[in-house]
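Visitor: Return atomic coordinates for the entry below.
(one chain, ligands or ions: 2)
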Amino acid sequence: MAKPLSVLFVSSEVIPFAKTGGLADVSAALPQVVRELGHDIRIIMPKFAAVSDRKFKIHDIKRLTDMPIKLGDRTLLGSVKSSFLTNIKTKVQVYFLSNDELYCRSDLYVDPKTKKAWPDNDERFIFFCRGVIRTMLLLGWKPDIIHLNDWQTGLIAALLKTEYADEPLFKNTKIVFTVHNAAYQGVFPGSSFEKTGLPEKAFKPEGLEFHGDINLMKAGLMYADQITTVSPTYAKEIRSDEEYGFGLEGVFKKKARKTVGLLNGMDTTIWNPEIDKMIPQTYSDTSLEDKQVNKKALCEHFGLPYDPAVPVLGIVSRLADQKGFDLIKEQLVELMKLNIQLVVLGSGEKKYEDLFTKAAKKYKKKLGAHIGFDEELAHLIEAGSDMFLMPSKYEPCGLNQMYSLRYGTLPIVRATGGLADSVEDLDAKPKAGTGFVFDDYKGKQMLGAVKRAVKAFGDEKTWQAAMKRAMKKDNSWDASAKKYIELYKKLLKKK
Ligand code: ADP
Ligand code: GLC
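Guide: Ligands and ions are numbered 1, 2, ... in the order given. The predicted structure is shown next:
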């Protein structure tokens with residue numbers, strides 16, 4: 001075998017340590033598969049309050065204790081701790097950069113009291129990025145690839161290509177920057193530039209300057225050797241003129257040749273109805289009747305009457321505009337006229353939390369809502385629902401539609417990003433379809449897709465055939481992880 005690669009994977013969230021969305025799932029699953037394929041990949045993330053020493057058997061690394069790290073004209077101390085991500089096949093080392101004042105808070109990015117971003121997020125992630133570089137220097141570990149994810153890590157690219165450009169340790173290191181969501185860019189006032197400690201020349205349109213502000217995602221895009229995003233369709237969308245780039249479309253256009261869209265996979269050791277320990281009854285494509293046990297439990301959980309003939313639509317989501325909730329809001333009355341039940345698990349924007357809380361009171365027999373974050377209930381919804389509703393305005397990849405396919409819960413999605421790349425419409429392709437897809441971001445179109453799904457549900461033979469097809473679809477990480485490894489290798493060959 002060729003020489004194994006060494007890769008540092010940098011992410012602000014990784015399951016089971018800390019999670020707000022799909023980034024955390026990806027940041028655990030992809031490194032584990034890369035490790036299984038024989039490479040030395042290690043992860044680094046901030047040590048948030050949720051990362052409990054006891055629960056995760058975290059230990060100190062003596063020589064990485066109280067490292068002085070520059071933050072503008074101040075110097076703060078950071079310590080690195082370590083633990084492992086383990087599954088049946090592998091062990092991946094995880095480093096945690098700790099500084100209690102910066103990271104030990106009740107939420108990762110947002111103050112739950114104000115529902116606004118922590119006011120010092122610039123400092124929290126500038127410190128993190130500098131801390132990551134310091135850690136490698138002190139470890140003397142020379143990664144072939146530094147794989148950065150989203151804006152929280154973007155500054156690392158800028159620092160390595162400026163301040164550390166002559167550092168021998170990183171002489172042959174290549175930087176990959178993955179965009180998981182272009183809507184979240186880490187934009188801070190121009191006055192924050194000084195805190196980065198970057199040379200003056202970086203504060204310009206060819207650097208991280210963005211309309212007088214600094215933009216940490218742009219830092220990643222401008223200085224990385226390779227850009228990736230999480231689905232082929234999203235890679236095209238972000239460089240179109242249709243607002244998917246949230247102001248960065250010009251940069252995405254400019255960097256088109258350096259950008260590739262690789263569809264995320266899903267962790268089939270966690271999301272697999274055949275072995276899922278969080279659901280009342282496991283099942284497979286040869287025992288579809290067992291799924292009913294979960295449907296019954298799901299209805300009971302939400303206090304809804306159980307009726308095998310009435311399809312249950314599930315939603316598990318951040319309650320954000322991205323996910324298409326304004327369409328659901330607009331069409332809720334019409335949806336509730338259909339012979340369906342709707343169960344919702346989510347948290348986020350207050351307007352949507354209120355919408356579902358009120359609707360659950362109004363439509364007691366038809367709609368159940370749980371506002372909050374609940375891993376176990378997410379599994380029950382995937383297993384117990386007949387359909388999964390995900391009418392996103394945009395969706396870089398989306399994982400829940402893949403989980404739904406695996407659980408035989410046919411997704412109803414809008415044709416955008418990874419949704420377009422992973423779900424095929426049953427009416428358009430009766431022999432290959434795995435769900436229901438609509439094109440335009442319009443309430444009526446979504447309603448039309450739900451009606452089509454309800455109609456198809458009435459035809460048991462067709463429905464079960466589609467369920468089986470969906471469940472058999474291979475969305476595991478194997479294929480995508482190999483593509484990342486190929487990309488790492490190709491990059492290393494470049495001068
Ligand atoms: P995004 O990252 O944009 O939120 P994804 O579909 O990629 O969307 O990933 C969302 C992940 O977060 C999935 O694993 C999903 O099950 C999980 N999730 C979202 N909201 C909740 C919630 N309220 N409770 C439990 N899990 C949730
Ligand atoms: C982001 C996107 C989501 C994607 C996830 C993991 O949170 O919103 O579509 O699946 O990242 O890449």
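Visitor: And the residue lying closest to residue 348 once chain neighbours are set aside, how far from residue 438?
Guide: Spatial nearest neighbour of residue 348, excluding adjacent residues (C-beta to C-beta, 6 or more residues apart in numbering): residue 319 at 3.4 Å. For the C-beta atoms, the positions are set from N, CA and C on the backbone; glycine is no exception. Shown here: residue 319 relative to residue 438, a distance of 21 Å by C-beta to C-beta, to the nearest Å.
Visitor: next one: residue 104
Guide: Applying C-beta to C-beta to residue 104 and residue 438 gives a distance of 44 Å.
Visitor: which residues touch the one helix or strand residue 68 maps to?
Guide: Here residue 68, judged by DSSP states H and E, is contained in strand 67-71. Residues outside strand 67-71 that contact it (C-beta atoms under 8 Å, 6 or more residues apart in numbering): 75-80, 123, 126-127, 130-131, 134-135, 138, 195, 197.
Visitor: quick one: strands adjacent to that strand?
Guide: strand 74-86 (antiparallel) (DSSP bridges).
Visitor: Give the next helix or strand downstream of the partner strand.
Guide: Immediately after strand 74-86, counting by DSSP H and E, sits strand 91-98.
Visitor: Pairing partners for that next one, with directions?
Guide: strand 40-46 (parallel), strand 74-86 (antiparallel).
Visitor: Could you report the pLDDT at residue 1?
Guide: On pLDDT, residue 1 comes in at 60.
Visitor: now swap in residue 350 and tell me
Guide: For residue 350, the model assigns a pLDDT of 93.
Visitor: Touching, it and residue 115? I think so.
Guide: Yes. Using C-beta atoms under 8 Å, residue 350 is in contact with residue 115, at 6.8 Å.
Visitor: Span of stretch 226-236 from start to end?
Guide: Start-to-end span of stretch 226-236 (C-alpha to C-alpha, to the nearest Å) is 16 Å.
Visitor: for stretch 413-430, same thing?
Guide: This stretch, stretch 413-430, spans 17 Å end to end (C-alpha to C-alpha).
Visitor: May I ask you to name the longest helix in this structure?
Guide: What stands out as the longest helix in the chain, according to DSSP state H, is helix 121-139.
Visitor: which residues are in contact with the following helix or strand past that helix?
Guide: The helix or strand immediately downstream of helix 121-139 is strand 145-149, counting by DSSP H and E. Contact with strand 145-149 is made by 5-12, 23, 26-27, 154, 156-157, 160, 173-178, 180, 220, 224, 488, 491-492, as judged by C-beta under 8 Å, 6+ apart.
Visitor: Now do the buried residues in stretch 155-171.
Guide: 155-164, 170 (16 or more other C-beta atoms under 10 Å).
Visitor: out of these, which one sits closest to residue 84?
Guide: Relative to residue 84, the closest of the buried residues of stretch 155-171 is residue 156; by C-beta to C-beta it sits at 22.9 Å.
Visitor: If we ignore the residues flanking it in sequence, what's nearest residue 140?
Guide: residue 169 (7.2 Å).
Visitor: Can you give me the pLDDT of the one you found?
Guide: 97.
Visitor: Tell me if I'm right that it and residue 137 touch.
Guide: Yes. The pair residue 169 / residue 137 is scored as a contact, 6.3 Å apart, by C-beta under 8 Å.
Visitor: and the residue of this structure nearest ligand 1?
Guide: Per C-beta to the nearest ligand atom, residue 22 is where the chain lies closest to ligand 1, at 2.2 Å.
Visitor: circling back to that earlier point, higher neighbour count, residue 104 and residue 438?
Guide: More neighbours surround residue 438 than the other of residue 104 and residue 438, with 21 against 14 (other C-beta atoms under 10 Å).
Visitor: Could you check how far that one is from ligand 2?
Guide: Distance, residue 438 to ligand 2, using C-beta to the nearest ligand atom, to the nearest Å: 18 Å.
Visitor: and that residue, what is it in contact with?
Guide: So residue 438 contacts 391, 412-415, 445-446, 448-449 (C-beta under 8 Å, 6+ apart).
Visitor: any idea how far residue 388 is from residue 267?
Guide: 18 Å.
Visitor: Return the residues of this structure in contact with ligand 2.
Guide: Within the chain, the residues that sit near ligand 2 (C-beta under 6 Å from any ligand atom) are 21-23, 26, 180-181, 230, 264, 395-399, 418.
Visitor: sorry, back to before: pipe the strands paired with strand 91-98 into JSON lines and attach mean neighbour count per row.
Guide: Listed next are the strands paired with strand 91-98 as JSON lines, based on neighbours: other C-beta atoms under 10 Å:
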{"stretch": "strand 40-46", "mean neighbour count": "24"}
{"stretch": "strand 74-86", "mean neighbour count": "17"}
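Visitor: Let's have those strands in TSV, adding distance to ligand 1.
Guide: Shown next, in TSV, are these (distance: least, C-beta to the nearest ligand atom, whole Å):
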stretch	distance to ligand 1
strand 40-46	16
strand 74-86	16
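Visitor: want to throw the ones you listed into CSV with mean pLDDT?
Guide: Formatted as CSV, the strands paired with strand 91-98 follow (pLDDT from 0 to 100):
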stretch, mean pLDDT
strand 40-46, 98
strand 74-86, 97
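Visitor: Now do the phi/psi pair for the closest residue to residue 434 other than its chain neighbours.
Guide: Leaving aside its chain neighbours, residue 434 sits nearest to residue 470 (4.2 Å; criterion: C-beta to C-beta, 6+ apart). Backbone torsions of residue 470, given as degrees, to the nearest 10, read phi -60, psi -40.
Visitor: Next, count neighbours for residue 470.
Guide: Residue 470, neighbours per other C-beta under 10 Å, totals 26.
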